[in-house]
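could you look at this predicted model? Sequence included:
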Amino acid sequence: MEPSNKRAIFISLTVNIVISLIKLVAATITRSAAMLAEAIHAFADTSHEVFLLLGVRQAQAPADERFPYGQGKAVYFWGFVAVFVFMLGGILTINDGVQQILHPEPISWFMVAVVILGISMVLNGYALAESLKQFIRTEGGKSSFLDALRNTKDPSMRLLIIQNSLDILGEGLALFAILLSQITGILFFDGAASILVGLLLVGSALWQAGRIKNLLIGQSADDYVVQGIQDLVKRQSTVREIVEITTLHMGPEYILVNLRVRFAEKVVFQDIERACSYLEQQIQSYFPVARRVYVKATLPGEGLQQEALLTWTGTLPTGEKAE
């Protein structure tokens with residue numbers, strides 16, 4: 001996890017702590033369901049960002065005997081927990097809107113709500129701009145923005161961008177509903193806005209849960225990474241073909257790569273070792289996310305059907321066969 005991403009989370013967290021408090025005060029004064037919905041929304045965002053920070057911190061722990069591949073997937077687990085908090089906030093918001101429609105209460109001091117919502121939109125706009133800046137810096141150029149947002153392996157940045165966007169959209173809906181209720185005297189708009197904000201929260205939570213679920217189960221690297229590794233291997237004169245390549249995301253910036261390669265008939269064991277060492281340097285140079293790479297090489301020979309397990313940085317004892 002890049003420090004810049006952590007900075008974006010801290011900015012959003014600080015903004016939402018301030019916003020949640022002032023929205024709660026405003027909801028108490030105005031008795032607006034839409035304002036209370038936004039207060040609940042802001043509190044959900046705050047706890048959601050705390051979970052993201054927990055994931056970021058745990059993911060930075062170094063590999064050890066208990067976690068030989070590190071704890072990068074902690075980002076996915078805590079991101080999944082954060083999604084449930086997001087959904088809970090949406091359900092509470094919907095319930096509050098339904099209650100306002102069934103038992104409408106007039107809005108008091110509506111200008112307080114208008115001012116608070118306007119300030120909140122500005123603050124959330126700043127948090128969104130910071131999230132977009134860091135996301136574009138790390139993911140920009142690989143594909144279109146929407147494709148990058150959908151396929152990113154860093155759920156914390158996607159969650160932040162969607163969260164801040166929904167914050168601004170929800171505040172805009174609440175502001176419109178409060179003004180419309182004040183002008184027409186129809187309190188239905190206030191409750192309807194609360195329900196709509198809640199539906200947006202629940203819908204986005206379900207979508208995000210599906211994306212994070214794939215990473216928790218075990219999603220492969222992006223196509224351009226896999227294709228790039230294949231191209232590097234195929235450019236080696238000693239390689240006849242790639243029998244198999246599998247990749248697995250162990251974290252947002254951590255990919256495990258397994259290759260099974262068939263070498264040319266004339267290649268001797270020492271040449272295979274040198275080829276693997278060279279490829280390790282090339283792959284890590286072009287794709288730093290490939291932290292662990294293993295090659296299962298099919299060795300040539302007259303009537304010999306032998307496979308040796310080689311690592312990019314390790315060697316095998318002479319005359320021994322790898323399991």
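Happy to help now that I have it.

okay, now the domains of the chain?
Following automatic domain parsing, one gets these domains for the chain: 3-217, 223-311.

could you dump the ones you listed to JSON lines with mean neighbour count and mean pLDDT?
Every residue, glycine included, has its C-beta placed from N, CA and C. Output for the domains of the chain, formatted as JSON lines (neighbours: other C-beta atoms under 10 Å; pLDDT from 0 to 100):
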{"stretch": "domain 3-217", "mean neighbour count": "20", "mean pLDDT": "82"}
{"stretch": "domain 223-311", "mean neighbour count": "16", "mean pLDDT": "75"}
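
for Asn16, see how far away Ile283 is.
As defined by C-beta to C-beta, to the nearest Å, Ile283 lies at a distance of 40 Å from Asn16.

same thing with Asp147?
The spacing between Asp147 and Asn16, counted by C-beta to C-beta, is 28 Å.

same deal with Thr238?
Applying C-beta to C-beta, the value for Thr238 to Asn16 is 56 Å.

can you name the residues that contact Ala8?
With contacts defined as C-beta atoms under 8 Å, 6 or more residues apart in numbering, Ala8 is in contact with 127, 130-131, 133-134, 157, 160.

measure it to Met157 for me?
As judged by C-beta to C-beta, Ala8 and Met157 stand 7 Å apart.

just Leu199 next, same as before
Using C-beta to C-beta, Leu199 is found at 24 Å from Met157.

with Ala148 instead?
Look at Ala148 and Met157: by C-beta to C-beta, they are 10 Å apart.

what touches both of those two?
With C-beta under 8 Å, 6+ apart as the test, Ala148 and Met157 both reach 135, 139.

coming back round to it: overlap in contacts, Ala8 and Met157.
Common neighbours of Ala8 and Met157 (criterion: C-beta under 8 Å, 6+ apart): 131, 134.

okay, stretch 170-185 in CSV with CA atoms only?
Only the C-alpha atoms of stretch 170-185 are listed here, as CSV (Å, rounded to 0.1, in the frame of the first residue of the first chain):
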residue,chain,number,x,y,z
GLY,A,170,-26.5,12.3,-1.2
GLU,A,171,-25.9,15.8,0.1
GLY,A,172,-27.1,17.2,-3.2
LEU,A,173,-30.3,15.1,-3.0
ALA,A,174,-30.8,16.1,0.7
LEU,A,175,-30.4,19.7,-0.1
PHE,A,176,-32.8,19.6,-3.0
ALA,A,177,-35.4,17.7,-1.0
ILE,A,178,-35.2,20.1,1.9
LEU,A,179,-35.6,23.1,-0.4
LEU,A,180,-38.4,21.4,-2.2
SER,A,181,-40.2,20.5,1.0
GLN,A,182,-39.8,24.1,2.3
ILE,A,183,-41.2,25.6,-0.9
THR,A,184,-44.1,23.2,-1.4
GLY,A,185,-44.8,22.3,2.2
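
just how off-centre is it within its chain?
Relative to its parent chain, stretch 170-185 has a centroid offset of 33 Å by C-alpha atoms, centre = their mean, to the nearest Å.

could you do stretch 17-24 as well?
From the chain centre to the centre of stretch 17-24 is a distance of 26 Å (C-alpha atoms, centre = their mean).

what's in contact with that stretch?
Under the criterion C-beta under 8 Å, 6+ apart, residues 35, 38-39, 42-43, 45-46, 116, 119-120, 123-124, 167 lie in contact with stretch 17-24.

C-alpha coordinates for stretch 89-101, PDB please?
Output of stretch 89-101 as PDB, limited to C-alpha atoms (Å, rounded to 0.1, in the frame of the first residue of the first chain):
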ATOM      1  CA  GLY A  89     -25.700   2.700   7.100                       C
ATOM      2  CA  GLY A  90     -27.900   2.400   4.000                       C
ATOM      3  CA  ILE A  91     -30.500   0.300   5.700                       C
ATOM      4  CA  LEU A  92     -30.700   2.700   8.700                       C
ATOM      5  CA  THR A  93     -31.100   5.600   6.200                       C
ATOM      6  CA  ILE A  94     -33.900   3.800   4.300                       C
ATOM      7  CA  ASN A  95     -35.700   3.100   7.600                       C
ATOM      8  CA  ASP A  96     -35.400   6.800   8.700                       C
ATOM      9  CA  GLY A  97     -36.900   7.900   5.300                       C
ATOM     10  CA  VAL A  98     -39.800   5.500   5.700                       C
ATOM     11  CA  GLN A  99     -40.600   6.800   9.200                       C
ATOM     12  CA  GLN A 100     -40.500  10.300   7.900                       C
ATOM     13  CA  ILE A 101     -43.100   9.500   5.200                       C
END
